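Visitor: Below are the sequence and a predicted model for it; my questions follow.
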Amino acid sequence: MDVSHLLEGLNEHQRQAVSAEQSSMLVLAGAGSGKTRVLVHRIAWLLQVEQQSPYSILAVTFTNKAAKEMLSRVEQVAGYISGRMWIGTFHGLAHRLLRAHYQEAKLPQSFQILDSEDQHRMIKRIMKSINLDDKRWPPRQAQSYINAKKDEGLRVQHIDAGYHPMEKQWLTIYQLYQDACDRAGLVDFAELLLRAHELLLNNPTLLAHYQQRFGNILVDEFQDTNAIQYAWIRLLAGDKSHVMIVGDDDQSIYGWRGARIENLSKFLKDFNNAKTIRLEQNYRSTGNILNAANQLIAHNPDRMGKNLWTEGKDGELIGLYSAFNELDEARFIVGRINDWQNQGGLLKECAILYRGNAQSRVLEEALLQQRLSYRIYGGVRFFERQEIKDAMGYLRLIANRDDDAAFERVVNTPARGIGDRTLNIVRSTAREQNVTLWQSCKKLIENNGLTGRARSAVAGFITLVQELEQDCLDMSLHKRVDHCIIESGLKQMYRQEKGEKAEARIENLEELVTAARSFEPDETQENLSEMDAFLAHAALEAGEGQADAHEDAVQLMTLHSAKGLEFPLVFLAGVEEGLFPNQRAIDEGDRLDEERRLCYVGMTRAMEKLYISHAEQRRLYGRENYSAPSRFIREIPRQFVDEIRLKTQVSAPVTSSPIANRFHQTEQNFQATGLSLGQRVSHPKFGAGVVVNYEGSGPQTRVQVNFDGAGSKWLVVAYARLQPL
Ligand SMILES: Nc1ncnc2c1ncn2[C@@H]1O[C@H](COP(=O)(O)OP(=O)(O)OP(=O)(O)O)[C@@H](O)[C@H]1O
Ligand SMILES: [Mg+2]
């Protein structure tokens, strides 16, 4: 058989990895060196050359999107494989396992996934029920505690709080929360992994079956696995499977969520016959970008060490822009994207990366103003929007009456006269009798535990849900969704709210019907009802596919979600001390290395051109901050950097956008100060310099002056006592 196509487009080292005889293997290599490409070709090689059945392959990727891409790339090289191969994220695969063996996992067949917002509400409710002061005991902290323990594979009974009263308290909450989840058939994200691990651990026959089946396990982005994920792989592999992991210690960025770089060395110890293959040639970035990133990451101690070089051109220098404030930064970025488009580039080739989600708003506004399409990758996800979650709440409750999180969400949305007092009775009855909220309602009605208006309101709700279920029995999925949105009163409720926001919510609800119409369960969901598959899909994939993936649009995302991706034009925005590295990392010191790795990840997403920007003044989370440029900027040698002066920006063609108009007006005001761009001036303290930029008008006019000795400063003209030279 001719298998040359499996090795096509690979270098010598990559070929070695792809065609190695079956054994365990670590591919350790820097960004853009083709690790993911090697993984894909290896799967094809296993299928075609080693004649392995698709059933024997388990491949783990970092996002659902990456899993889909990988599957289609494998099919390009190796032909159609359909659902026989297990490929997905850790969470997705664990979910598949739990669905297949829900009984052994001690879950109801209709168990539902609890996302992090639902989890938060539930924990909050539980803490309230035992009268904990949420100032002293923040629910968020309880949530992180529980998730961190689960990520380490620890149940309450595994933890000894000793004499620590704090920890004892968290443990009590952990226990109450877990009991509530078990009662209601709810599984949070961390629980998916933990339970899938326990399922195998406690069922030797099942374990033997899967160990036998998965002779080939492949994991991408291995540096970001946590303890339970590692344990899961280790267990599944047994002593016979061949495990190929690919990763880069310099790109480990989820330490804060329990990821352990040490898993790389642990792997080498546990699989002691594993070969290590290193890849050193980078195919993604230009020389300047790659070398700058290499120099930056060299500031980290304790690296496994890698050489990374490229045969490609040096390319352009990295553009560095010092913005006056966050608006100026956004304006700059959008300007460069306009240029890119004018030169024939596509919007989807541009990515704006930032440290925190909240930074997107200003960027979004600037893009909207210029009428540039954009999508937020992994940001406010469609399925996380309030109205969508309301609708899903009804659907979930219809599917599983015991789903307490869904019950809480919709019991009084829209308002139907079930107030907090009534709900508290329902909740405490549920607690006392150890039943779910739904069951508690039914008991209360039967036993006359509620009276008058409360009773009829609750009874009305129960009837509504039961009728919805009856009505929907013979309907197709999207009709059911539509029916529930209307008959539950949700649509009407938002209609009455009026205003743009409410309109958008109604549009979203309508979009949900569209989503249901075009929904196709995949092979992993073959045993589920269509509705259960849809509910699981909503919880797991929450908007990764947002907007229309094919539309040409600028990509906005956090640095964390950019992992593994690449774009011709990349902007790193908000590269400021306190923001990136963030303040917590600076205060705690030991997290700085991880921030630097995050910067390395960001820079190495860029193929052709990289811009880095920082703002001297930024309004974020409602506060005004003045920050210095990030230390990461200083750590990039000047030879790779082009400092951009705003002069070009100011003289850019004036369009009719509100921002440009403002600019135009200020230009006249600016002239009124007697200063002009490019003019030499002197300052009593900083000496001589050149005016390079301005902002604001009237007494607030500020100018940026590049002083010969003192560097660049922003000064308020009214106070600065600048003398024209
Ligand atoms: N031998 C090769 N010849 C040409 N292009 C290649 C080769 N190997 C990889 N590439 C290309 O280089 C880019 C980076 O590859 P890939 O995404 O597999 O790298 P990676 O090591 O997984 O990166 P990251 O660390 O960011 O996940 C891709 O566009 C890929 O198609
Ligand atoms: Mg990759």
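Guide: Perfect, thanks for sending it. Residues are numbered from 1 along each chain as shown. Ligands and ions are numbered 1, 2, ... in the order given.
Visitor: so which residue of this protein comes closest to ligand 2?
Guide: Thr36 (3.3 Å; CB to the ion). In short, each C-beta sits where N, CA and C put it, glycine included.
Visitor: gap between the residue nearest to Pro414 when sequence neighbours are not counted and ligand 1?
Guide: Nearest non-adjacent residue to Pro414, counting by CB to CB, 6 or more residues apart in numbering: Met493, 3.8 Å away. Distance from Met493 to ligand 1, counting by CB to the nearest ligand atom, to the nearest Å: 45 Å.
Visitor: Report the contact partners of Met493.
Guide: 413-415 (CB atoms under 8 Å, 6 or more residues apart in numbering).
Visitor: Now the buried members of those.
Guide: Neighbour counting with 16 or more other CB atoms under 10 Å marks Thr413 as buried within those.
Visitor: from the contacts of Met493, which single one is nearest Cys350?
Guide: Thr413 (39.1 Å; CB to CB).
Visitor: There's contact between Ile388 and Ala515 in this structure, I believe.
Guide: No: Ile388 lies out of contact with Ala515 (CB atoms under 8 Å); the separation is 9.0 Å.
Visitor: returning to that earlier point: could you check what's spatially nearest to the residue of the chain closest to ligand 2, not counting adjacent residues?
Guide: Using CB to CB, 6+ apart, the closest residue to Thr36 is Asp220 (5.8 Å).
Visitor: So that neighbour sits against Met244, correct?
Guide: No: when contacts are counted by CB under 8 Å, Asp220 is not listed as touching Met244 (9.6 Å).
Visitor: so what's in contact with these two at the same time?
Guide: Common neighbours of Asp220 and Met244 (CB under 8 Å, 6+ apart) are Leu39.
Visitor: Those two: who's more crowded?
Guide: Met244 (28 against 23; other CB atoms under 10 Å).
Visitor: State the mean pLDDT of the helix or strand hosting that one.
Guide: For Met244, the host element (DSSP states H and E) is strand 242-247. Averaged over strand 242-247, pLDDT sits at 96.
Visitor: now it, how far from the centre of its chain.
Guide: Centroid displacement of strand 242-247 relative to its chain, using CA atoms, centre = their mean, to the nearest Å, is 24 Å.
Visitor: Going toward the C-terminus from that strand, what's the next helix or strand?
Guide: With elements assigned by DSSP H and E, the helix or strand that comes after strand 242-247 is helix 263-270.
Visitor: Mind giving me the packing neighbours of the helix or strand following that following helix?
Guide: Next helix or strand after helix 263-270 toward the C-terminus (DSSP H and E): strand 275-279. Judged by 3 or more CB pairs under 8 Å, 6 or more residues apart in numbering; DSSP states H and E, the packing partners of strand 275-279 are helix 12-19, strand 25-29.
Visitor: near ligand 2, anything from the last one?
Guide: So the one you mean is strand 25-29. No: for strand 25-29, no contact with ligand 2 is found by CB under 5 Å from the ion; the gap never falls below 9.4 Å.
Visitor: Kindly report the same for the longest one.
Guide: No: between helix 12-19 and ligand 2, judged by CB under 5 Å from the ion, nothing touches; the nearest distance is 12.7 Å.
Visitor: Using CSV, write out every CA atom in that helix.
Guide: C-alpha atoms of helix 12-19 as CSV (Å, rounded to 0.1, in the frame of the first residue of the first chain):
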residue,chain,number,x,y,z
GLU,A,12,12.5,14.3,9.3
HIS,A,13,11.7,14.5,13.0
GLN,A,14,8.0,14.7,12.5
ARG,A,15,8.2,11.7,10.2
GLN,A,16,10.0,9.8,12.9
ALA,A,17,7.2,10.5,15.4
VAL,A,18,4.5,9.7,12.9
SER,A,19,6.0,6.4,11.7
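Visitor: low-scoring pLDDT stretches of the stretch 401-550 of the chain, where are they?
Guide: 499-500, 523-525, 541-550 (pLDDT under 70).
Visitor: that older thread, make TSV out of the contacts of Met493 and add secondary structure.
Guide: Output for the contacts of Met493, formatted as TSV (DSSP: H, G, I helix; E, B strand; the rest coil):
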residue	secondary structure
Thr413	coil
Pro414	coil
Ala415	coil
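Visitor: interface residues of the stretch 251-400 of the chain facing ligand 1?
Guide: Residues of the stretch 251-400 of the chain lying close to ligand 1 by CB under 6 Å from any ligand atom are 251, 283-284.
Visitor: Of those residues - the most surrounded one?
Guide: Gln251 (22 neighbours).
Visitor: The host helix or strand of Pro568: partners in the sheet, and parallel or antiparallel?
Guide: In this assignment (DSSP H and E), Pro568 forms part of strand 567-572. Sheet pairing of strand 567-572 (DSSP bridges) gives strand 350-354 (parallel), strand 606-620 (parallel).
Visitor: Of the ones you listed, which shows the lowest average pLDDT?
Guide: strand 606-620 (a mean of 92).
Visitor: Deepest-packed of the strands paired with strand 567-572, please.
Guide: For the strands paired with strand 567-572, the largest average neighbour count (mean count of other CB atoms under 10 Å) is found in strand 350-354, namely a mean of 26.
Visitor: Helix or strand next in line after the helix or strand containing the residue nearest to Pro414, which one?
Guide: Applying DSSP H and E as the criterion places Met493 in helix 490-497. Using DSSP H and E, the helix or strand that directly follows helix 490-497 along the chain is helix 499-517.
Visitor: Show me which positions of that next one end up buried.
Guide: 505-506, 508-509, 512-513, 515-516.
Visitor: Report the contact partners of the residue of the chain closest to ligand 2.
Guide: Applying CB under 8 Å, 6+ apart, we find Thr36 in contact with 66, 70, 220, 246, 564.
Visitor: before we move on, back to that, ok, and does the strand holding Pro568 reach over to ligand 1?
Guide: No: contact of strand 567-572 with ligand 1 (CB under 6 Å from any ligand atom) is absent, the minimum separation being 10.6 Å.
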